[in-house]
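# My questions are about this predicted structure, shown below with the sequence.
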Amino acid sequence: MSKIGFIGGGALAESIVRGISGKVFAPNDIFICEIRQSRCEELSNRYGVNASTEMNFLGDIDLLIVAVKPKDAQKTFAALQGKISTSTIITYTVAGLKLANVEKFFPEYKIARIMPNVAVSVGESMTAYTLNANAVNDGDTIKNFWSTLGHAVEVDEKLMDAVTGLSGSGPAYAFLVIDALSDGGVAAGLPRAMAIELAAQTLLGAAKMVLQGDHPDVLRDKVTSPAGTTIEGVRVLERGGVRSAMIEAVLAATDKSKSL
């Protein structure tokens with residue numbers, strides 16, 4: 001791929017641009033269509049990319065990322081009809097929007113439904129994708145692109161709402177946990193900045209250990225000594241229903257994705 005385009009210049013699009021500009025794509029090969037002129041100028045000045053309120057680049061790109069709000073998706077895809085090259089891979093990050101609803105506008109096109117998360121901004125997104133029948137031979141292209149922004153995995157479309165509830169919304173859960181842990185550290189006497197750093201790095205380290213292959217339960221057992229400090233903390237978390245609350249949060253976000 002040599003050129004990429006975006007429809008929508010919001011926070012997610014900017015995070016992706018930050019991750020790929022000058023690394024995966026030259027700034028001059030990145031095109032953004034955004035309805036707010038002031039935002040176009042901001043993105044252009046900040047990253048050196050082509051940003052405007054017009055969609056005149058659509059016939060000359062290899063990959064298109066539609067990153068708009070669910071309420072704007074239908075009218076956005078309708079406006080794109082007849083303007084995109086048939087060789088372009090159309091991808092979109094709209095939560096809850098099924099492939100079939102996009103294929104109605106582009107029945108002959110290669111389309112991929114994508115669910116990244118906000119960690120694309122630091123190159124650590126967990127991104128899931130699902131392909132339509134026309135794009136089955138383009139899976140490596142999609143995976144390789146999103147892997148430059150973290151990790152990417154192909155899933156069956158029926159699982160995309162669950163992905164949204166877990167990894168799509170997941171950073172917010174992690175931020176909440178880090179904030180709560182840092183509050184605990186402050187309550188125990190630590191300075192705020194130190195408590196935040198300790199909490200954030202602890203979660204980062206724990207996540208890396210899990211990604212190396214061990215089950216979380218196995219790792220927890222390794223650091224939980226009999227009658228020690230850790231089991232006392234775990235006991236309080238279990239008594240407070242933290243595990244159940246996390247499960248319910250994922251299920252609630254999944255249900256919301258299904259309803260969009």
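That came through fine. Because the structure is predicted, anything quoted here is derived from the model rather than measured. Residues are numbered from 1 along each chain as shown.
# Mind listing what's buried along the host helix or strand of Gly233?
Per DSSP states H and E, Gly233 falls inside helix 229-239. For helix 229-239, the neighbour count (16 or more other C-beta atoms under 10 Å) marks Val234 as buried. For the C-beta atoms, the positions are set from N, CA and C on the backbone; glycine is no exception.
# Stretch 97-112 now?
Going by neighbour count (16+ other C-beta under 10 Å), the buried part of stretch 97-112 is 97, 99, 102-103, 105-106, 109-112.
# need the next SSE after the helix holding Gly233, C-terminal direction.
helix 242-259.
# Need the CA coordinates for the helix holding Gly233. CSV is fine.
Output of helix 229-239 as CSV, limited to C-alpha atoms (Å, rounded to 0.1, in the frame of the first residue of the first chain):
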residue,chain,number,x,y,z
THR,A,229,0.1,-9.2,52.0
THR,A,230,-1.2,-10.0,48.6
ILE,A,231,-3.8,-12.5,49.6
GLU,A,232,-5.2,-9.9,52.1
GLY,A,233,-5.6,-7.5,49.2
VAL,A,234,-7.2,-10.1,46.9
ARG,A,235,-9.6,-11.1,49.7
VAL,A,236,-10.8,-7.5,50.0
LEU,A,237,-11.2,-7.3,46.2
GLU,A,238,-13.3,-10.5,46.1
ARG,A,239,-15.4,-9.4,49.0
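# picking that back up, nearest to Asn144 among the buried residues of stretch 97-112?
Nearest to Asn144 among these: Ala112, at 12.5 Å, using C-beta to C-beta.
# State the number of residues packed around the residue lying closest to that closest one once chain neighbours are set aside.
Of all residues not flanking Ala112 in the chain, Thr91 sits nearest, at 4.4 Å (C-beta to C-beta, 6 or more residues apart in numbering). For Thr91, the count of nearby residues is 24 (other C-beta atoms under 10 Å).
# State the distance from Thr91 to Ala187.
45 Å (C-beta to C-beta, to the nearest Å).
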